[in-house]
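# Sequence and computational prediction follow.
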Amino acid sequence: MNTPETNTPAIEISDLACTFISGDGKKESHYTAVRDVNLSIRAGEFVSIVGPTGCGKSTILNMTAGLLKPSHGTIRIFGEPLSGLNRRAGYMFQAENLMPWRSALGNVIAGLEFKGVKKSEAIEKGRHWLRRVGLAGFEDSYPHHLSGGMRKRVSMAQTLIMDPDIILMDESFSALDIQTRQLMENLLLDLWSGEKKAVLFITHDLDEAISMSDRVIVMSAGPASHPIGEFLIDLPRPRDVTEVRGDPRFVSLHRSIWNVLREEVLKGYENQMQRK
Ligand SMILES: Nc1ncnc2c1ncn2[C@@H]1O[C@H](COP(=O)(O)OP(=O)(O)OP(=O)(O)O)[C@@H](O)[C@H]1O
């Protein structure tokens, strides 16, 4: 039987808007990046947001992380209105966020140490998570001795060791070469299938979105960007992100989503050029 907690959406975004105000006080300019955003993500669901460049994907993610305050609307996390940092979420950015002066193990356990977990317990958990991301034996290596893919694995362990109910990922793998990227995507799916966290995944890459997600949301071009399409990805799991791309259903989903996305991408470029 489901508990009330599992029936409640992990993330519920209602009438969300974000207007950026810039200027020096004498001359202000307002830019509404997103408006009328409504989105609900179940516990354990993997949802990707795709959209043209500058449509506000990161803005939505930052508001869901509690790093940016909405200008309008509400975000509920497991039913509770979000105010301040989203403490039920772990966040993985595109950029490197490892501390260069700490070893791989030191980086992985930093969050637990900050929370006051006993050192011996944190180390045991850290070793366990490094093993799970395929980095057993690299506990004492420093970030500058690790490849980009290995550093990403450390970041993943660093996020998952905190056991968040929600994982927020912003273009997390886009800086990696294609082979490493697909390895990381499969690793993430593998870990996710065991842990069943809610994942909100932002990407430019439609193939990546389809191959990983339960649902793909398409955003309109900005300003005042909002979801304009929602596609259920009914591909069987477990999935291999490379193999699934050859599935005829993948190809037909790709075509349907791209039909909606293509026009927005063109509009997005035009709008960006006009703002220059
Ligand atoms: N602090 C800010 N002040 C003013 N405008 C901003 C600010 N942050 C973002 N914007 C604008 O808001 C819009 C949405 O930005 P955001 O980074 O969320 O888009 P995105 O979809 O994640 O972009 P990309 O796909 O290129 O990463 C963009 O046009 C951006 O220029």
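Everything's here; your move. Quick caveat, the model's predicted, so the values are computed rather than measured.

# The ligand contacts on the stretch 151-276 of the chain?
Proximity of the stretch 151-276 of the chain to the ligand (Cβ under 6 Å from any ligand atom) is limited to residues His204, Gly222. (C-beta placed from N, C-alpha, C; glycine too.)

# in the stretch 151-276 of the chain, what spans have low per-residue confidence?
Low-confidence segments of the stretch 151-276 of the chain (pLDDT under 70): 275-276.

# Tell me the secondary structure of the residue of the stretch 101-250 of the chain found nearest the ligand, please.
When scored by Cβ to the nearest ligand atom, the stretch 101-250 of the chain has Gly222 as its residue closest to the ligand, at 5.3 Å. In three-state terms, and counting by DSSP: H, G, I helix; E, B strand; the rest coil, Gly222 is coil.

# show me where the stretch 51-200 of the chain has strands.
Along the stretch 51-200 of the chain, counting by DSSP state E, counting those that start in this stretch, strands occupy 72-77, 80-81, 89-92, 166-170, 198-202.

# winner for burial among these?
Most buried of those, by mean neighbour count (mean count of other Cβ atoms under 10 Å): strand 198-202, with a mean of 24.

# residues making contact with it?
Identification of contacts with strand 198-202 by Cβ atoms under 8 Å, 6 or more residues apart in numbering yields 10-11, 41-49, 57-58, 60-61, 64, 165-172, 192, 209, 212-213.

# mind listing what's buried in the longest helix belonging to the chain?
Of all the segments of type helix in the chain, defined by DSSP state H, the longest one is helix 248-275. Within helix 248-275, the residues scored as buried using 16 or more other Cβ atoms under 10 Å are Phe250, Leu253, His254, Ile257, Val260, Leu261, Glu264, Val265, Gly268, Asn271.

# residues in contact with the spatially most central residue of the chain?
Central residue of the chain (Cα atoms, centre = their mean): Met169, 1.8 Å from the mean position. Each residue near Met169 by Cβ under 8 Å, 6+ apart is listed here: Tyr91, Met92, Val199, Leu200, Phe201, Ile202.

# mind redoing it with 7 Å?
By Cβ atoms under 7 Å, 6 or more residues apart in numbering, the contact list for Met169 reads Met92, Val199, Phe201, Ile202.

# Equivalent analysis for Tyr142, please.
Pro100, Ser103.

# For it, give me the pLDDT.
On pLDDT, Tyr142 comes in at 97.

# ditto for the one 4 residues further on
Looking at Leu146, its pLDDT reads 95.

# Quick check: residues of the stretch 1-150 of the chain near the ligand?
Residues of the stretch 1-150 of the chain lying near the ligand by Cβ under 6 Å from any ligand atom: Phe20, Ser22, Tyr31, Ala33, Gly51, Thr53, Gly54, Cys55, Gly56, Lys57, Ser58, Thr59.
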